[in-house]
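In: requesting a structural model of the entry that follows:
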Amino acid sequence: MLEYLKTARPDHWLKNVFMLFGHVVAVALIPGAWHGDATLGMAALSLVPACLIASANYILNEILDAPFDRLHPTKKDRGVAAGRVRVPVLWVLMAVLAVAGFGFSLAFFNPGYTLSLVMLLASGLVYNVPPLRMKDRAWWDVIAESFNNPVRLWLGWFALVPWPGPWPPLMVVLAWWSFGALLMTGKRYAEFRFIGGQEKSGLYRKSLGTYTENSLITAMITYANLFCFCTGLAIAGHAEFRNLVLVFPVMALAIIAYFRHAMSETGARLEPEQLLRNPWIIIWTLAATAVTLALLTTKQNLTKWAFP
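Out: The predicted model follows:
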């Protein structure tokens, strides 16, 4: 039973913390979205369907990736690749998780949240299932996988915003998407180096056979700049975001820590998931998150000293 639970990857549920940004943006932009403890309860409850659908996607990923995982230095030990679990049982478990996720959503949340949940499941299908299977298409793999960032933004948003209602601002969505693309490109870079270059990486996944270290570094810099550009436009277009200019120094330190560790010799020996466990990356990421939340929830204009 433990092997089947590992296939659902509950340890990856932490990624759904990105929904928190959607919650906070909704409270900052939508009058009346905050109702004290009731809002906190709905925000916490909204994590449940997202975690269930994410696990359904992880199971699909492991089933379809098994032939390729057997060529990976460490993923060859996953349950499906190593033959420790039965695939028919996993299909049943995936269906149960999907039904439970959507049942929970329909019972407690509005259609906007459920639509976002459909997009979360659909993104897993597009990413993993042939003939699309975006994970095998260079550059498109990053765009498709990082699409989960705006989806989680929408999930957090519609957990608190009534339907029919407004969607989050476009520049906020694009900034969050670009941030996800930066992280996913860093993941590709780490995996590319961990496996051992273009030829070996290409045997494991077609898209990695197209990349080079230089092209991945260039892509990371591009997505970091897109993130800053879209964030700047979002701040300029919404007075509620004006304080966020003050988070850029902390955010820059988090990005510098990420680049520095990813490009180090230590980073070359780490799996992608281990890359983000570096203490300095964690510290600066948590600091940037805390400062962002504090700046979004304050009603005072903290930038007036800079713009007298």
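In: what mean pLDDT does the helix or strand that Leu233 is a member of have?
Out: Element membership of Leu233, judged by DSSP states H and E, is helix 213-237. Mean pLDDT, computed over helix 213-237, is 92.
In: which element follows it toward the C-terminus?
Out: Following helix 213-237 toward the C-terminus (DSSP H and E): helix 248-262.
In: how far off centre is that next one?
Out: 18 Å (Cα atoms, centre = their mean, to the nearest Å).
In: rewinding a little: hmm, who's touching the helix holding Leu233?
Out: 139, 142, 169, 171-172, 174-175, 178-179, 181-182, 185-186, 188-189, 192-193, 241-242, 244-245, 248, 255, 259, 262-263 (Cβ atoms under 8 Å, 6 or more residues apart in numbering). C-beta: built from backbone N, CA, C; applies to glycine.
In: okay, the angle between that helix and helix 248-262?
Out: 170 degrees (axes from the mean of the first three to the mean of the last three Cα atoms, to 10 degrees).
In: so who does the closest residue in space to Ala234 that isn't next to it in sequence touch?
Out: Closest residue in space to Ala234, ignoring its immediate chain neighbours: Met171 at 3.9 Å, by Cβ to Cβ, 6 or more residues apart in numbering. Applying Cβ under 8 Å, 6+ apart, we find Met171 in contact with 230-231, 233-234, 237.
In: returning to that earlier point: need the buried ones from the contacts of helix 213-237 selected in PyMOL.
Out: Buried residues among the contacts of helix 213-237 (16 or more other Cβ atoms under 10 Å), as a PyMOL selection:
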select buried, resi 139+142+169+171+172+174+175+178+179+181+182+185+186+188+189+192+193+241+242+244+245+255+259+262+263
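In: how much space between the closest residue to Met134 other than its chain neighbours and Val151?
Out: Once flanking residues are discounted, Met134 sits nearest to Ala144: 3.7 Å by Cβ to Cβ, 6+ apart. Ala144 sits 11 Å away from Val151 when distances are taken as Cβ to Cβ, to the nearest Å.
In: between the two, which one's more packed in?
Out: Val151 (27 against 20; other Cβ atoms under 10 Å).
In: helices and strands around the one helix or strand that one maps to, which ones?
Out: Here Val151 sits within helix 148-158, counting by DSSP H and E. In terms of contacts (3 or more Cβ pairs under 8 Å, 6 or more residues apart in numbering; DSSP states H and E), helix 148-158 is packed against helix 19-29, helix 111-128, helix 170-195.
In: CA atoms of that helix as PDB?
Out: The C-alpha coordinates for helix 148-158 follow below in PDB (Å, rounded to 0.1, in the frame of the first residue of the first chain):
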ATOM      1  CA  ASN A 148       0.000  25.000 -13.500                       C
ATOM      2  CA  ASN A 149       1.000  28.200 -11.800                       C
ATOM      3  CA  PRO A 150      -1.800  30.400 -13.300                       C
ATOM      4  CA  VAL A 151      -4.200  27.400 -12.800                       C
ATOM      5  CA  ARG A 152      -3.300  27.400  -9.100                       C
ATOM      6  CA  LEU A 153      -3.700  31.200  -9.100                       C
ATOM      7  CA  TRP A 154      -7.300  30.800 -10.500                       C
ATOM      8  CA  LEU A 155      -8.100  28.000  -7.900                       C
ATOM      9  CA  GLY A 156      -7.000  30.300  -5.100                       C
ATOM     10  CA  TRP A 157      -8.900  33.200  -6.600                       C
ATOM     11  CA  PHE A 158     -12.200  31.500  -7.300                       C
END
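In: check the gap between Met42 and His23 for me.
Out: Met42 is 9 Å from His23, by Cβ to Cβ.
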